[in-house]
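Enquirer: Give me a 3D structure for the following:
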Amino acid sequence: MAENNLMKLTGKVSPLKAFPFALQQVLAMFVTNLVPIWTIAALCTDSAEKTLVLGQNALIIAGIATFIQSTPLWKFGSGLPIYMGVSFTFLIPLSNIAVTYGYGAVMGSVIAGGIFEGILGLSAQYWKKIIAPIVAASVVTGIGLSLLGTAARSFGGGYAEDFGSVHNLVAGTVTIIACILWQIHTRGSKRQLSILIGLVAGYITSALFGQIHFPDFSSIKWFAFPTILPFKPEFHLDSILTVLVIYLVSATETIGDASAIARGALKRPVNSKEITGVLTVDGFGSALGGVFGVPPVTSYSENVGLTIMTGVVNRNVARIGAGILIFCGLFPPIGFFLQTIPSSVIGGVLLVVIGQIVVSGCQMISDAGFTVRNKLIASLSLATGIGFTTSSVVGIWDSFPVIVQSIFGQNVVAIIFFVALLLNLVLPKNMEDKTPEKK
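Expert: Numbering: from 1, shown residues only. Take a look at the predicted model:
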């Protein structure tokens, strides 16, 4: 019975049973959660101690936000197994703010913008109808497609000097093969642990190549509480306005992730209450993170893909995953150990799970119906979103204001959402085919 409960939102699952499923979720997003904050901090502080504190805070805030998502209270939390982490969507604008005004301005912008998105979530009942099923389906598909390049980059070794080296490619390949073999030769709930097995196999392979590098643990505190206000917040109107717009993009991605889990794992559409709950945590959770110097947190699409693939949606698993994140933040050496997982191994995992989001998005497009209108919305929004953000068209946005460049220049999802929403609003409802074609 407990095994069946893993595939249900509610139901008793023992902590011992849930732990490995929670651990593989955390491992799939752990390093990604820290990279944005390290990148932004490096631009305006040379204090290694400050950077360590910010990383510790990021893990704790991610854990708190993940817990609230899975444990809804009033309008806070979706009740879905959504794992929260520091968003890459804000990396470029927050980096510019950090260089211009310092890290205090980053905190002020994050706090103000988070409150804005939280209020947006509370008012979701008044505007959610404009996000038609075909718009949400296009966004979900775009999220998956936009992450494939990240997965491939990680598979080759990330941004290390040895990118594309034999040991990176072998470690990533071993990770994928281990996942596949485990899926083939196991049954029941054990089959859903294929990602964890792949991570272990890839890690061992990297160790045999001598590619595991441990930090100097002697200089790391074994226990530390999070630091409140590591910098003094500053509020600059131009920075806040820029970040507010990016929060709209982040909200779109979060709705897309919630839709993907509901459709891909629960086999139903996302409901109004879940949209409100997921956005309030996305917004107010980010505002809370800003107090601790953490950039905005948002739902992690990598984990959405993993949830869809495994079908493990039990809230207790997500709560234990939240606990692991908080524990790693309170005990820094544990977090530093997990950071030794090579990028190529993470890339192997991402290639396995990201495709699940693409497939889920395609299924949502099918569910919306292959009418002439829907096909036009989906095809044009995906074509522009992917086409206008590829490296071969760098400079296509140069004629636009800086704020437009920062929103659309490298953000596939922002373009897809804007085009799909616009087309859904302006195209005639009946475009010569009132009845959808046969699926």
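Enquirer: could you point out which element follows the lowest-mean-pLDDT helix or strand in the chain?
Expert: When each helix and strand of the chain is scored by mean pLDDT, DSSP states H and E, helix 2-5 comes last, with a mean of 70. Sequence-wise, the next helix or strand downstream of helix 2-5 (DSSP states H and E) is helix 15-44.
Enquirer: mind listing what's buried in that next one?
Expert: 17-37, 39-41, 44 (16 or more other C-beta atoms under 10 Å). Glycine gets a C-beta too; all of them are placed from N, C-alpha and C.
Enquirer: could you give the mean pLDDT of that helix?
Expert: Mean pLDDT, helix 15-44: 88.
Enquirer: Next: stretch 416-426.
Expert: 93.
Enquirer: Buried ones in that stretch, by neighbour count?
Expert: Residues of stretch 416-426 classed as buried under the neighbour-count rule (16+ other C-beta under 10 Å) are 416, 417, 418, 419, 420, 421, 423, 424.
Enquirer: Who are the contact partners of the most centrally placed residue in the chain?
Expert: Nearest to the mean C-alpha position of the chain, counting by C-alpha atoms, centre = their mean, stands residue 300 at 1.9 Å. Shown in contact with residue 300 (C-beta atoms under 8 Å, 6 or more residues apart in numbering): 29, 32, 33, 82, 83, 84, 85, 257.
Enquirer: Please name the bridge partners of the residue nearest to the third one when sequence neighbours are not counted.
Expert: So that's residue 33. Ranked by C-beta to C-beta, 6 or more residues apart in numbering and with sequence neighbours excluded, the top spatial neighbour of residue 33 is residue 85, at 3.9 Å. Note on residue 85: beta-bridge partners by DSSP bridges are residue 298.
Enquirer: What is the burial count for residue 396?
Expert: Close neighbours of residue 396, defined as other C-beta atoms under 10 Å, add up to 15.
Enquirer: rewinding a little: return the member of the contacts of residue 300 nearest to residue 221.
Expert: residue 33 (19.6 Å; C-beta to C-beta).
Enquirer: follow-up on the earlier one: please give me every residue in contact with the residue nearest to residue 33.
Expert: With C-beta under 8 Å, 6+ apart, residue 85 has these contacts: 29, 32, 33, 58, 62, 297, 298, 300.
Enquirer: what about the fifth one, helix or strand, and which?
Expert: Pointing back at residue 62 there. Per DSSP H and E: helix 48-70 holds residue 62.
Enquirer: May I see the buried residues of that helix?
Expert: Those would be 50-70, for helix 48-70 by 16+ other C-beta under 10 Å.
Enquirer: For stretch 43-52, measure first residue to last.
Expert: Using C-alpha to C-alpha, to the nearest Å, the span of stretch 43-52 from its first residue to its last is 15 Å.
Enquirer: from the chain's centre, how far out does it sit?
Expert: How far stretch 43-52 lies from its chain's middle: 24 Å, per C-alpha atoms, centre = their mean, to the nearest Å.
Enquirer: Could you do stretch 150-161 as well?
Expert: The answer for stretch 150-161 is 17 Å, by C-alpha atoms, centre = their mean.
Enquirer: Which positions within it qualify as buried?
Expert: By neighbour count, with 16+ other C-beta under 10 Å as the criterion, the buried positions of stretch 150-161 are 150, 151, 154, 155, 156, 157, 158.
Enquirer: Can I get that stretch in CSV? Just the C-alpha atoms.
Expert: Output of stretch 150-161 as CSV, limited to C-alpha atoms (Å, rounded to 0.1, in the frame of the first residue of the first chain):
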residue,chain,number,x,y,z
THR,A,150,21.8,23.3,-20.8
ALA,A,151,21.6,19.5,-20.4
ALA,A,152,24.0,19.0,-23.4
ARG,A,153,26.4,21.6,-22.0
SER,A,154,26.5,19.9,-18.6
PHE,A,155,26.9,16.5,-20.3
GLY,A,156,30.1,17.8,-21.9
GLY,A,157,31.5,19.1,-18.6
GLY,A,158,29.7,22.5,-18.1
TYR,A,159,32.0,25.5,-18.5
ALA,A,160,35.2,23.7,-17.3
GLU,A,161,38.3,23.9,-19.4
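Enquirer: which other residues reach that stretch?
Expert: 163-165, 168-169, 172, 342-344, 346-348, 350-351, 354.
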